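1. coordinates only, sequence not included:
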């Protein structure tokens, strides 16, 4: 019996009493100057910068592995540095998994069926070469875009089932213009609800022991009314919730994303943790990130308690 | 004055009298056995397979560079092999540009604003390191998904303007379930039309000398009625048209994607050209690809002539 990544994430959240993941959307400007000088004594090149990004991520993972259940690693920050950047991305995923974290590859990929298969294999499955299996970018979860419809998402769902992984499909995103398409009314209901219903249906075949499907949804905390409506409509869909911290969502905004037992969602914060050292002069960056991650954990717990949804 | 990539593509199409690009969606199974044995004498590893994919692409580019105006390179096929695969992807883009082809990175990327900037810089712009600029994956065009709305597309539009590149935003895709979301009616009109209108608006600020915007649209030839409607609605939006060949669209289906002067669109074919050697026993793969690319060129010309849209 394959253990589902979603069950594993839920158990880690429960064990740590912390429904949050840290977003390693790491950019050069997030690294403290003294760390950068140590890591890159010579010229800044794609290779040297990529090594520094990984070293920063590794230090954060070491500082956070016993208090957060997972990390979300954003691909674009690494793609910016080409193949060496993609190596830093792959090494970050691998190191976080090695340290026992649930790892979300935030790649927002998709394409038509046969190509979607290649993406699903790259992040969730494997390539078979001479009978050996090779995992290109070994994550537990990948984020997926829905615009191409069911046949494009099916390969990710199949990879979830075959390999015990998970996916998070974009439903209602956290950015200012998310409503431009997502809020359009289709037969009197917003498009994101329609997408939410599809995601729930696509995931209905792979509901795990914890009651949530391997196919989750991205639902931004910056639109709490919409998030609350989706939470009610999608009782078996786990939410990955961006928008906390630098994007402005508050504790009360977060609480609506959770089910009545304080489950069903994990909150992501990126910049507020990566750059916590900037607001804590004299504190080493990894320790500052840990302090901020603990503060965030406690803020979510308190928001859940206020909403009568204390984590059990 | 920066020459716009879209102007350049249009001029190459006119010069070669060939409105088609070849899709280098290259997979291991597309490579002839004897070529594979030569290229990979030892074990198949991500590195050796990636080198073979690039060698195959290079041979195709050499065989096609004087008869086709561009190539579309599909990222997923390379991501499947991790960082070495991404190196083969980057080398394919660079080699095709060096041979004078217009190069479309078919990555279907997007994310919220600040992250979309990193994607736009990775494919269309550059990273600045110690005052030097570095292009991670140097393409002329990137394909972009629209589900996150305007603030997610804006960084790509900005990169087009700043660097003279182009983008193709997904509007109506060629796959069987493309209608599941894209055809939903919003105030009596399908969603893809709404997206088409937005794409036209986003691109209105960067219309080139040839009358088409740097911001184009992906419109599948497998839905000819919808493509015809979009062609009429979007007079300044150039179409990248998948669906020909293995996906089943015919010459007549293609003609509706073009404007009255046989312009405004470029047709992509991938598998039918990559795998042309399978239907031409005894013909070397690169020569077979060239024969198929010429056959396709002539078929499009004849379809355009039948529709009274002969290329001028």
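-> Sure thing, it's come through. Nothing here was measured: the structure is a model prediction, and the numbers come from that model. Numbers count the residues shown, from 1 in each chain, chains lettered A, B, ... in the order given.

2. can you pull the contacts of the residue most central in space within chain A?
-> Using CA atoms, centre = their mean, the residue of chain A that lies closest to the mean C-alpha position is residue A:72, 3.8 Å off. With contact set as CB atoms under 8 Å, 6 or more residues apart in numbering or on different chains, residue A:72 has these partners: A:21-25, A:104, A:106, A:240, A:268, A:270. (Glycine included, C-beta is placed from N, CA and C.)

3. what do you get if the cut-off is 10 Å, keeping everything else the same?
-> With contact set as CB atoms under 10 Å, 6 or more residues apart in numbering or on different chains, residue A:72 has these partners: A:21-25, A:96, A:102-106, A:139, A:141, A:143, A:168, A:240, A:242, A:266, A:268-270.

4. just residue A:224 next, same as before
-> A:243, A:249-250, A:252-257.

5. do you know how far it is from residue A:32?
-> 34 Å (CB to CB, to the nearest Å).

6. Check residue A:68 too.
-> For residue A:68, the distance to residue A:32 - CB to CB - is 21 Å.

7. Ok, residue A:59 next?
-> 11 Å.

8. Show me the common contact partners of those two, please.
-> A:284-285.

9. what are the ranges of the strands in chain A?
-> A:20-24, A:70-74, A:102-109, A:127-129, A:132-134, A:141-144, A:166-172, A:185-186, A:189-190, A:215-219, A:239-241, A:265-269 (DSSP state E).

10. Regarding chain A, what is its longest helix?
-> helix A:285-306 (DSSP state H).

11. how about low-confidence regions in the stretch 101-250 of chain A?
-> Across the stretch 101-250 of chain A, nothing is flagged by pLDDT under 70.

12. Would you map the helices across it?
-> A:113-123, A:150-163, A:179-182, A:191-203, A:224-233 (DSSP state H, counting those that start in this stretch).

13. roughly how far is the third one from the heart of the chain?
-> Between the mean C-alpha location of helix A:179-182 and the chain-wide mean there is a distance of 22 Å, by CA atoms, centre = their mean, to the nearest Å.

14. ok, residues contacting it?
-> Residues contacting helix A:179-182 (CB under 10 Å, 6+ apart): A:147, A:170-173, A:175, A:190-195, A:220, A:223, A:226, B:146-153, B:181, B:186, B:191, B:194-195, B:198.

15. again, 8 Å this time
-> A:171-173, A:190-192, A:195, A:223, B:146-150, B:191, B:194-195, B:198.

16. again, but for stretch A:13-22
-> A:60, A:64, A:66-72, A:102, A:104, A:240, A:244, A:258, A:262-263, A:265-270, A:273-274, A:289, A:293, A:296-297, A:300-301, A:311.

17. tally of neighbours for the residue lying closest to residue A:239 once chain neighbours are set aside?
-> Setting aside the residues directly before and after it, residue A:239 is nearest to residue A:265 in space (CB to CB, 6 or more residues apart in numbering or on different chains), at 4.2 Å. Other residues near residue A:265 number 28, with proximity taken as other CB atoms under 10 Å in any protein chain shown.

18. ok, now residue A:203?
-> Neighbours of residue A:203 (other CB under 10 Å): 26.

19. Would you agree it is in contact with residue A:161?
-> No: counting by CB atoms under 8 Å, residue A:203 sits too far from residue A:161 to count as a contact (10.2 Å).

20. which neighbours do these two share?
-> residue A:214.

21. The closest residue to residue A:193 other than its chain neighbours: how many residues sit nearby?
-> With sequence-adjacent residues excluded and distances taken as CB to CB, 6+ apart, residue A:193 is closest to residue A:233, at 6.6 Å. By other CB under 10 Å, 12 other residues sit near residue A:233.

22. what's near enough to touch residue A:233?
-> A:193, A:196-197, A:200 are the contacts of residue A:233 under CB under 8 Å, 6+ apart.

23. if we can go back for a sec, please tabulate the strands of chain A in a markdown table, including the columns distance to residue B:212.
-> Output for the strands of chain A, formatted as a markdown table (distance: least, CB to CB, whole Å):
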| stretch | distance to residue B:212 |
| --- | --- |
| strand A:20-24 | 38 |
| strand A:70-74 | 33 |
| strand A:102-109 | 28 |
| strand A:127-129 | 39 |
| strand A:132-134 | 42 |
| strand A:141-144 | 31 |
| strand A:166-172 | 30 |
| strand A:185-186 | 31 |
| strand A:189-190 | 33 |
| strand A:215-219 | 34 |
| strand A:239-241 | 38 |
| strand A:265-269 | 39 |
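
24. right, and these - which one's nearest residue B:124?
-> strand A:102-109 (17.2 Å; CB to CB).

25. Show me what that closest one is packed up against.
-> helix A:5-16, strand A:20-24, strand A:70-74, helix A:82-98, helix A:113-123, strand A:141-144 (3 or more CB pairs under 8 Å, 6 or more residues apart in numbering or on different chains; DSSP states H and E).

26. Parallel or antiparallel, which strands does the shortest one pair with?
-> When you say that, I think you mean strand A:141-144. strand A:102-109 (parallel), strand A:166-172 (parallel) (DSSP bridges).

27. what does it rub up against?
-> Here strand A:141-144 has contacts from A:5, A:9, A:102-110, A:119-120, A:123-124, A:153, A:156, A:165-170, A:216, A:218, A:240, using CB under 8 Å, 6+ apart.

28. try 7 Å
-> The set of residues external to strand A:141-144 that reach it, using CB atoms under 7 Å, 6 or more residues apart in numbering or on different chains, is A:5, A:104-110, A:123-124, A:153, A:156, A:165-170, A:218.

29. same question, the fourth one
-> The contact list for helix A:82-98 (CB under 7 Å, 6+ apart) reads A:24, A:46-47, A:50-51, A:53-54, A:57-58, A:61, A:71, A:73, A:75, A:78-79, A:103, A:105, A:137-139, B:82-83, B:86-87, B:90, B:136-137.

30. what do you get for stretch A:188-203?
-> Residues contacting stretch A:188-203 (CB under 7 Å, 6+ apart): A:146, A:150, A:153, A:157, A:169, A:171-172, A:181-184, A:186, A:213-215, A:217, A:226, A:230, A:233-234, A:236-237, B:181, B:184.

31. One more: stretch A:150-163?
-> Counting by CB under 7 Å, 6+ apart, A:110-113, A:116-117, A:120-121, A:124-125, A:142, A:144, A:146, A:165-167, A:169, A:202, A:206, A:214-215, B:175-177, B:180 sit against stretch A:150-163.

32. what about 6 Å?
-> A:110, A:113, A:116-117, A:120, A:124-125, A:144, A:166-167, A:202, A:206, A:214-215, B:175-177, B:180 (CB atoms under 6 Å, 6 or more residues apart in numbering or on different chains).

33. Tell me which residue in the stretch 201-312 of chain A sits closest to chain B.
-> Nearest to chain B, among the residues of the stretch 201-312 of chain A, is residue A:242, at 7.7 Å (CB to the nearest CB).

34. count of residues packed around that residue?
-> 25.

35. Can you pull the phi/psi pair for it?
-> phi -90, psi 170 (degrees, to the nearest 10).

36. Now that residue A:4 has come up, it's in contact with residue A:213, right?
-> No: contact criterion CB atoms under 6 Å: residue A:4 and residue A:213 do not qualify, at 9.1 Å.
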